[in-house]
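A.B. asks: Pasted the sequence and its predicted model underneath.
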Amino acid sequence: MLVNLARRALLQARVVLALPTAGARTLLRPSSTSSESRSFTVSYLVNACGLSPESALSASQRVCFETPSRPDSVLGLLKERGFSPTQISDVVGRYPGVLLVSPDAILLPKIEFLCSRGFSDSDLARVISTAPRLLARSLENHLRPTLDYIGDLVQSGEDAVAAIKRCPRMFYEDPGVLLIPKIEILRDNGVPPANIGHLVLYHGPIFLASLEQFDEAVNKVKALGFEPSKVGFVTALHIIRGLSEPLWRRKIGVYGKWGWSEEEVALAFRRHPWCMAASESKIMNVMDFFVNEMGLDSLHIARRPVVISLSLRKRIVPRCSVFQVLLSKGLVHPHSLATSLIVPESRFLKEFVTPYLGEAPQLLDLYVEKMGLAS
């Protein structure tokens, strides 16, 4: 099924990989070079581009030149657009052929196009230094249609820029291979366009998985009881893809140390998928605080797994210190604990501090003190 799906998606793809021109092949793959020109190239890569001698020697196997004219023009353009020395070194080290590309005829039109679509110079420097071979992509056959396609998925040009900044490789790779088949899997399983857009915008690296890995993750999330029409489905998909099977099993074991069964872990995951994104040490520390410091039944946390994701020092400890005082005076119900932890600070102060300063005047000082210890 996956093979047929991939074939259908590839036929539907609106963008294709751009083939390099004959001229570009000649520049980037010279048939023979003299030892003098190679020595000059290595020296230039070290002194002008900031590469280490080892990296420069390796790069000289892919590009070679006898004069600095074209490379100087390329470096000048990158510097004008705000590339730092480190970013220039990253670009040249991973794509040395850029030094032989015409800056005015090839590079500048691509940069100006991307700027016209919402990328700032600093955005471009970060994106291109992360995926330098974007500069080798055809403007008309790849960059423009790929950006349009991502924009369609996230439903705005501004969000397309944000998605690419989070995952530049999503912009570099052929969408007919990287994106389209996986988008079709999501659509075939009933994931709404808005939720697909959410996944592309915030969790782009998930699409770097192979088609088989992606399909396996989708099926696992469904098996765990998530409804594809809900946004929790794509959140769970992102988390599942970020955890290897051994790590997933270890985290189940950590919760098991506090008396949770596998079914209770799965239920907590359905209620708040991020509870499985917390590190093993974070899970242990939070559970230890609630069970041994607050005296809660660990299964109470299974029913309120959102608290696992909160900062122990900056949220849980300061607010629980206030809550314990209120509880000791009979001013709040124990079941209000989760609410006191989840609400924004302004609401916490309004509902759990200010109304009780008459009965417990130390509350505000206590809260400020605990927050100060956390900073």
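C.D. replies: Thanks, I have it.
A.B. asks: what is the mean pLDDT for stretch 38-58?
C.D. replies: Averaging pLDDT along stretch 38-58 gives 95.
A.B. asks: so how far is it off the chain centroid?
C.D. replies: The chain centroid and the centroid of stretch 38-58 are separated by 33 Å, computed with Cα atoms, centre = their mean, to the nearest Å.
A.B. asks: just stretch 98-107 next, same as before
C.D. replies: Distance of stretch 98-107 from the chain centroid (Cα atoms, centre = their mean) equals 30 Å.
A.B. asks: quick check: mean pLDDT across that stretch?
C.D. replies: Mean predicted confidence for stretch 98-107 is 96.
A.B. asks: For that stretch, buried residues please.
C.D. replies: Buried residues in stretch 98-107, counted by 16 or more other Cβ atoms under 10 Å: 98, 99, 100, 101, 103, 106, 107. Placement of C-beta: from N, CA and C, glycine included.
A.B. asks: any idea how far residue 122 is from the closest residue to residue 70 other than its chain neighbours?
C.D. replies: Spatial nearest neighbour of residue 70, chain neighbours left out: residue 100 (5.8 Å); criterion: Cβ to Cβ, 6 or more residues apart in numbering. Noted for residue 100: a distance of 26 Å to residue 122, by Cβ to Cβ, to the nearest Å.
A.B. asks: ok, then the element right after the helix or strand bottoming out on mean pLDDT in the chain?
C.D. replies: Across the helices and strands of the chain, mean pLDDT, DSSP states H and E gives its lowest value to helix 22-28, namely a mean of 35. Using DSSP states H and E, the next helix or strand after helix 22-28 towards the C-terminus is helix 35-47.
A.B. asks: Mind listing residues that contact stretch 281-295?
C.D. replies: By Cβ atoms under 8 Å, 6 or more residues apart in numbering, the surrounding residues in contact with stretch 281-295 are 251, 254-255, 257-258, 275, 278, 296-298, 300-301, 307-308, 310, 312, 316-317, 320, 324, 337.
A.B. asks: tell me which residues in that stretch are buried?
C.D. replies: Judged by neighbour count using 16+ other Cβ under 10 Å, the buried positions of stretch 281-295 are 282, 283, 286, 287, 289, 290, 291, 294.
A.B. asks: for the record, mean pLDDT for that stretch?
C.D. replies: Mean pLDDT, computed over stretch 281-295, is 96.
A.B. asks: How about the contacts made by residue 323?
C.D. replies: Contact analysis of residue 323 by Cβ under 8 Å, 6+ apart lists 332, 336, 337, 340, 352.
A.B. asks: Going by secondary structure, the closest residue to residue 155 other than its chain neighbours is in what exactly?
C.D. replies: Nearest non-adjacent residue to residue 155, counting by Cβ to Cβ, 6+ apart: residue 197, 5.4 Å away. Assigned by DSSP H and E, residue 197 belongs to helix 193-202.
A.B. asks: do the same with residue 61
C.D. replies: Assigned by DSSP H and E, residue 61 falls within no helix or strand.
A.B. asks: count of residues packed around it?
C.D. replies: Counted with other Cβ atoms under 10 Å, residues neighbouring residue 61 total 11.
A.B. asks: And for the one 5 residues further on?
C.D. replies: A count of neighbours around residue 66, defined by other Cβ under 10 Å, yields 12.
A.B. asks: Can you tell me the SS state at it?
C.D. replies: The three-state label given to residue 66 by DSSP: H, G, I helix; E, B strand; the rest coil is coil.
A.B. asks: nearest spatial neighbour of it, skipping sequence neighbours?
C.D. replies: Excluding the flanking residues, the one nearest residue 66 by Cβ to Cβ, 6+ apart is residue 37, at 4.4 Å.
A.B. asks: from what I can see the one you found touches residue 64, true?
C.D. replies: Yes - Residue 37 lies in contact with residue 64 (Cβ atoms under 8 Å); the separation is 5.4 Å.
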